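> predicted model and sequence follow; I will ask about them next.
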Amino acid sequence: MDQHILRSLFLSTGLVLSGLLLGACSDTSAGPKAYGWAGPPGGAAPLLGFQLTTERPDTLTPDRTEVWTHGTSFSAGAPYIDPAGISPRSGAGASNLLPTVERNMRDVFGRIMPNTLPSTAKDPYALHEHSSDPGEDEFGVLATPVDPTSPTRDLERIFRIARDRALNEGVIDQGLIQVGLNILEGIDLLDGLSPTQITEVDSRLELLDGTGAVSRAYEGFPLLHYRNGAASKTRSLVRNSEGVWQATIEQVWYDNHIESDAAFLDVANALNEPWIVEYQVHVLDGGHDDFSPFVMYLNRGVDSVELAAPNNLLPSDLAAHPRAPHVAMDTTFYPMEEGNTYRIRLRFAPSKYFNLIYTWGWRWHPPRVQATENAAKSLPGPTIDDPATASFVRNADGSLALTTRTLPDWERFVFGDPDAAGYDRRAAIDAAIGDLAPAKRMWRALLDAQTEVDPGEVVQRMEEAEAARLDWADRTRLPAGVSVDPDSDLTLIYLNNTLYGEWADGRTVQRWFEYQTRSGNEDSADPDSFQIRQDSTIHITLLNGDRYVHGYLNVDFGGARGWENTFGSTIGSGGSGAWFSFGRVNWWINAGGGPQIEPGTGVQTAKAPIFVRPVEVDAMGNEGALGAHELTLHFNYDPSRRLRMYQFDPLHHDVAVFSLH
């Protein structure tokens, strides 16, 4: 087939640069108008919606943004009632649920992207890499027993026992207090303990195994998120014994938490080659779930790599097809049980397409999620000298002055370099993480207890620590000291580089039930079918309790551009069913980044990043007003049953995520 025809056929994800389309999209007073075209299902462009987002920061109120999302080429429908688009009420092409096609995706130039078909009817775990280890199961997974004790269990016992000893015996148990600090800071659990204290602590917590070694799989995973700028938090690809590029990532899953030893992946070695991640996943108390790293790819690689490709792409080709969101998918959906460590090796497409991996657990999502970003990614942030500065610098035209850094450098800008000689981790934690953060409140209570001489005061500090632990254990409600904004649908707050959220109506599940169809179509839907109020507009209050700037990005998982349902069911092996496992979606950015249509002009520009100022801090270090940003989003496409929206901090990703189903 002629190369230009192939490119036209598979043109995907990309930015519509045609003056005809951009010129037609000039009236944005009621939100942009929809344009689109269709491509082959399962190829590079399964039904694209092509109308870009309009994002309007309020010039009079800089901390407010209103967004009208991109549209879609799908007719209006009701995905949560009629997912296949077969109801008589649904118009032709109403379903954003695409036909399942068992083949790899293609990039913007029509080239096959290997390792983008995660599951088939015959091979449900198609991206699992097998080895010669005889202990592996039929899917290449090796499971070994592990002590299931989680930080949740140990911290509860530390606070309770230290309180009871102070209350009933008049004893300040410095050994237990030190172990609690070590858990929060992510250092060796026995660091700072005398031999006598080790013996006493072990008698109460059973920290040691039969050989005298610490038995906790979570050791070294800090609950205070200050270490992401360390070199050890960036994993590089190296050749394994089979000659394949590979990185190794270790995670702990417990309660609603996922903590990882990798915040970033340096994948530059495999730009044109497939690669592997070997995951070591420790499933602790309350961690039962399906392991599902969800990889997100871009539509093409960087210019220097593409110019060296065999098909000799020209600079004009690259300019016509900028890098843009493309496809994302669960690489596996493997059921895991508490008390086991799972070794799972997964294959990925050449890294020139790599954006990030979003590891999630559907049984408690949010907040059970953690993201591993591309270490080479650079993003703009406010131009400031001090991370705690609440006043943003502006250019002469009033626009926000921006500085671009790599993501690891943003971490080091805030927390310093944890690998530097003389690094003071406690000073870094205290200077950057907000006082309202539950993990910091536990930490501060333990530090205060460590210097107390009155057992009665230690009782008080342990009760404060336990209250903070309960807040830390549940990210689906706001912690103490933070109030829900009654004028918003949802209030989110950044604390300890983590997102906590709570609905104004008190709902306990993280589902935006009202969003059943697109803006303007609510009244046309049968109210007897929905049984709930329809609303495609959401008002979100973003609060920042940390002492540094946070960002906000909102992503669509296939509502506008389509998504594919499960390939191979995992129900037979204890997994989940059809609406979650092995989804493959065509993603796009709703707000906080990516392309947009300039309001009133039809001119294509980059959407301004959305930033939330840090909490105010006075000269004495006392915190005042929280940083705040008001956000309104109008959705001009039907939601995906996969996920209604993915929202996170693009500058400090990791666990700063709060997605809505």
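Structure's in. What do you need?

> where in the protein is the helix or strand with the lowest mean pLDDT?
Within the chain, no helix or strand scores below helix 19-24, which has a mean of 20 by mean pLDDT, DSSP states H and E.

> now the helices for this structure?
3-9, 19-24, 151-168, 174-185, 195-205, 303-307, 315-320, 407-415, 425-432, 438-451, 455-472, 527-530 (DSSP state H).

> which of these sits closest to residue 113?
With distances scored as C-beta to C-beta, the stretch of these nearest to residue 113 is helix 303-307 (13.5 Å). Yep, even glycine has a C-beta here, placed from its N, CA and C like the rest.

> what about residue 474, neighbour count?
16 (other C-beta atoms under 10 Å).

> which residues touch it?
Residues counted as contacts of residue 474 (C-beta atoms under 8 Å, 6 or more residues apart in numbering) are residue 256.

> mind doing that once more with 10 Å?
By C-beta atoms under 10 Å, 6 or more residues apart in numbering, residue 474 lies in contact with 255, 256, 367, 438, 500, 502, 508.

> pretty sure the fourth one contacts residue 471?
Yes: if you go by C-beta atoms under 10 Å, residue 438 and residue 471 touch, sitting 4.0 Å apart.

> for the two, indicate the residue with more neighbours.
residue 438 (25 against 22).

> so what's that one up against?
223, 465, 467-475, 479-481, 495-496, 498, 500.

> for burial, what's the neighbour tally of the closest residue to residue 589 other than its chain neighbours?
Spatial nearest neighbour of residue 589, excluding adjacent residues (C-beta to C-beta, 6 or more residues apart in numbering): residue 555 at 5.7 Å. Look at residue 555: counted by other C-beta under 10 Å, it has 24 neighbours.

> JSON lines for the helices of the chain, including distance to residue 656?
Formatted as JSON lines, those follow (distance: least, C-beta to C-beta, whole Å):
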{"stretch": "helix 3-9", "distance to residue 656": "37"}
{"stretch": "helix 19-24", "distance to residue 656": "34"}
{"stretch": "helix 151-168", "distance to residue 656": "19"}
{"stretch": "helix 174-185", "distance to residue 656": "18"}
{"stretch": "helix 195-205", "distance to residue 656": "30"}
{"stretch": "helix 303-307", "distance to residue 656": "30"}
{"stretch": "helix 315-320", "distance to residue 656": "32"}
{"stretch": "helix 407-415", "distance to residue 656": "12"}
{"stretch": "helix 425-432", "distance to residue 656": "13"}
{"stretch": "helix 438-451", "distance to residue 656": "13"}
{"stretch": "helix 455-472", "distance to residue 656": "15"}
{"stretch": "helix 527-530", "distance to residue 656": "33"}
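
> least reliable of those going by mean pLDDT?
Ranked by mean pLDDT, the helices of the chain end with helix 19-24 in last place, scoring a mean of 20.

> so the residue lying closest to residue 537 once chain neighbours are set aside bridges to which residues?
In this structure, residue 537 finds its nearest non-sequential neighbour in residue 634, 4.9 Å apart by C-beta to C-beta, 6+ apart. With DSSP bridges as the criterion, residue 634 is bridged to residue 68, residue 537.

> you'd agree residue 634 is up against residue 66?
Yes: because the distance of 7.7 Å satisfies C-beta under 10 Å, residue 634 is recorded as touching residue 66.

> distance of residue 560 from residue 146?
42 Å (C-beta to C-beta, to the nearest Å).

> looking at those two, which one has more neighbours?
For residue 560 versus residue 146, neighbours defined as other C-beta under 10 Å are more numerous around residue 560 (32 against 20).

> tell me where the model's unsure across the stretch 551-661 of the chain.
Low-confidence segments of the stretch 551-661 of the chain (pLDDT under 70): 566-582, 594-608.

> switch the cut-off to 50
Residue ranges of the stretch 551-661 of the chain with pLDDT under 50: 578-579.

> please enumerate the strands of it.
Ranges of strands in the stretch 551-661 of the chain, per DSSP state E, counting those that start in this stretch, are 563-564, 584-585, 587-591, 595-597, 604-606, 610-612, 627-634, 646-648.

> could you export those strands as TSV, including mean neighbour count and distance to residue 181?
Below are those laid out as TSV (neighbours: other C-beta atoms under 10 Å; distance: least, C-beta to C-beta, whole Å):
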stretch	mean neighbour count	distance to residue 181
strand 563-564	24	45
strand 584-585	27	42
strand 587-591	26	39
strand 595-597	23	46
strand 604-606	13	44
strand 610-612	24	29
strand 627-634	20	28
strand 646-648	26	29
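
> out of these, which comes closest to residue 451?
Per C-beta to C-beta, nearest to residue 451 of the strands of the stretch 551-661 of the chain: strand 627-634, 31.1 Å.

> what is the closest one packed up against?
For strand 627-634, the packing partners by 3 or more C-beta pairs under 10 Å, 6 or more residues apart in numbering; DSSP states H and E come out as strand 54-57, strand 64-68, strand 490-495, strand 537-544, strand 550-557, strand 587-591, strand 610-612.

> how many other residues sit next to residue 250?
Counted with other C-beta under 10 Å, residues neighbouring residue 250 total 18.

> let me fix that, I meant to ask about residue 476.
When neighbours are counted by other C-beta under 10 Å, residue 476 registers 17.

> now do residue 509
Quick note: residue 509 (other C-beta under 10 Å) scores 10 neighbours.

> and residue 496, by the same measure?
With neighbours defined by other C-beta under 10 Å, the count for residue 496 comes to 26.

> residues touching it, list them.
Residue 496 neighbours (C-beta under 10 Å, 6+ apart): 223-226, 429, 432-434, 436-441, 443, 472, 545-546, 655-656.

> how close does it get to residue 127?
For residue 496, the distance to residue 127 - C-beta to C-beta - is 33 Å.

> repeat for residue 556
24 Å.

> swap in residue 494?
Here residue 494 is placed at a distance of 33 Å from residue 127 (C-beta to C-beta).

> from the contacts of residue 474, which has minimum pLDDT?
Least confident of the contacts of residue 474 in the model: residue 508, at 78.

> torsion angles phi and psi at the residue lying closest to it once chain neighbours are set aside?
Leaving out its chain neighbours, the residue that sits closest to residue 508 by C-beta to C-beta, 6+ apart is residue 476, at 6.8 Å. When read as degrees, to the nearest 10, the backbone of residue 476 gives phi -90, psi 20.

> my guess is residue 476 contacts residue 511. True?
No: using C-beta under 10 Å, residue 476 makes no contact with residue 511, being 11.1 Å away.

> sweet, I'm off.
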